[in-house]
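Asker: got a predicted structure plus its sequence, pasted below:
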Amino acid sequence: MPLSWNEIKSRAVSFSNEWKDTVREEADAKPFLIDFLNIFGISQKRVATFEHRVKKIDDASGYIDLLWPGTLLVEMKSRGQDLNKAYIQAKNYCHGLKDHELPKLILISDFQHFHLYREDGLHVQFEIHQLIDNLQIFEELAGYQKRTYHEEDPVNIAAAELMGKLHDQLKDVGYTGDALEAYLVRLLFILFADDSTIFQKGIFYDYLEQRTKEDGSDLAMHLDQLFQVLDTACKIRLN
């Protein structure tokens, strides 16, 4: 399960404070990158290799500072070196990679400055003390996937229509006012939590499928019980 964004932010602050005065590429690049991956709860041994040998576009051999195949390529430089030139070097390395190894993110850094290039064309530059304000652009590393909802998204439209129908049906049977609005907000939260990392993914769907009657006659009772549990402090629930 991905780390929470609050935990990631806390780790990012510690990382920035620890490495803000580092300047040397050769001696410090590897521990710097290991600590950087740890911000997102990533074990270097599990996903990435250092000094990955690759043939550049001119057939000469080169070494990628860090490669997480299919996700991340990092090129480190000592402070003050030309990071735009380093990006060109990193792109040349990509010519020697297999298709499944091509990274979604290319990160160029001199310990103080970060240049991030995403495959969708996004290019962001920031300094190490600004890392905490730019964590969202590393969502692939954090284990989160960005989804863009468009007005014409059929799934989005269908969900909105179903919630609207539920609202009208409950209103027709006399469930109105603040109580109705609170009920729908709570239900929407559960649906969102079931589709994210707040709950174990799919647990709400499994609960409804396994615990409620097929005709839905006891659905309201189960939802009411669930709302009561969620409205109870964790310490009290465990007692």
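Answerer: Okay, I see it. Everything numeric in this text was worked out from a predicted model, so none of it was measured.
Asker: worst-scoring helix or strand of this structure, pLDDT-wise?
Answerer: helix 234-238 (a mean of 70; mean pLDDT, DSSP states H and E).
Asker: domain parsing for the chain?
Answerer: 5-142, 154-238 (automatic domain parsing).
Asker: can you list the low-confidence ranges for the protein?
Answerer: 1, 23, 25-27, 46, 56-59, 144-157, 196-197, 237-239 (pLDDT under 70).
Asker: could you rerun that using 80?
Answerer: The chain contains residues with pLDDT under 80 at 1-2, 22-27, 44-48, 51, 53-61, 144-161, 194-202, 234-239.
Asker: tell me where it has strands.
Answerer: 49-55, 61-68, 72-76, 105-109, 113-118, 123-127 (DSSP state E).
Asker: and Trp5, how close does it get to Leu135?
Answerer: Counting by Cβ to Cβ, to the nearest Å, the gap between Trp5 and Leu135 amounts to 7 Å. Yep, even glycine has a C-beta here, placed from its N, CA and C like the rest.
Asker: what do the two both touch?
Answerer: Residues within reach of Trp5 and of Leu135 at once, by Cβ atoms under 8 Å, 6 or more residues apart in numbering, are Ala142.
Asker: these two: which has the busier surroundings?
Answerer: Each of Trp5 and Leu135 has its neighbours counted (other Cβ atoms under 10 Å); Leu135 has more, 17 against 14.
Asker: give the contact list for the more buried one.
Answerer: With Cβ under 8 Å, 6+ apart, Leu135 has these contacts: Trp5, Ile8, Lys9, Ala12, Ile39, Ala142.
Asker: could you report the separation of Ala48 from Leu223?
Answerer: From Ala48 to Leu223 the distance is 44 Å (Cβ to Cβ).
Asker: and the helices in this protein?
Answerer: 5-19, 25-39, 44-47, 83-94, 139-142, 154-172, 177-194, 203-211, 219-230, 234-238 (DSSP state H).
Asker: which among the ones you listed is found nearest to Tyr117?
Answerer: Of all those, helix 83-94 sits nearest to Tyr117, with 6.6 Å by Cβ to Cβ.
Asker: state the number of residues packed around Ile108.
Answerer: The number of residues packed near Ile108 is 26, by other Cβ under 10 Å.
Asker: ranking the domains of the chain by burial, who's on top?
Answerer: domain 5-142 (a mean of 16; mean count of other Cβ atoms under 10 Å).
Asker: what sits against Pro103?
Answerer: Pro103 sits next to Leu67, Trp68, Pro69, Gly70, Thr71, Leu72, Leu73, Cys94, Glu119 when contact means Cβ under 8 Å, 6+ apart.
Asker: same question for Tyr207.
Answerer: Per Cβ under 8 Å, 6+ apart, neighbours of Tyr207: His222, Leu226.
Asker: measure it to Leu226 for me?
Answerer: 8 Å.
Asker: since that was my last question, I'll sign off now.
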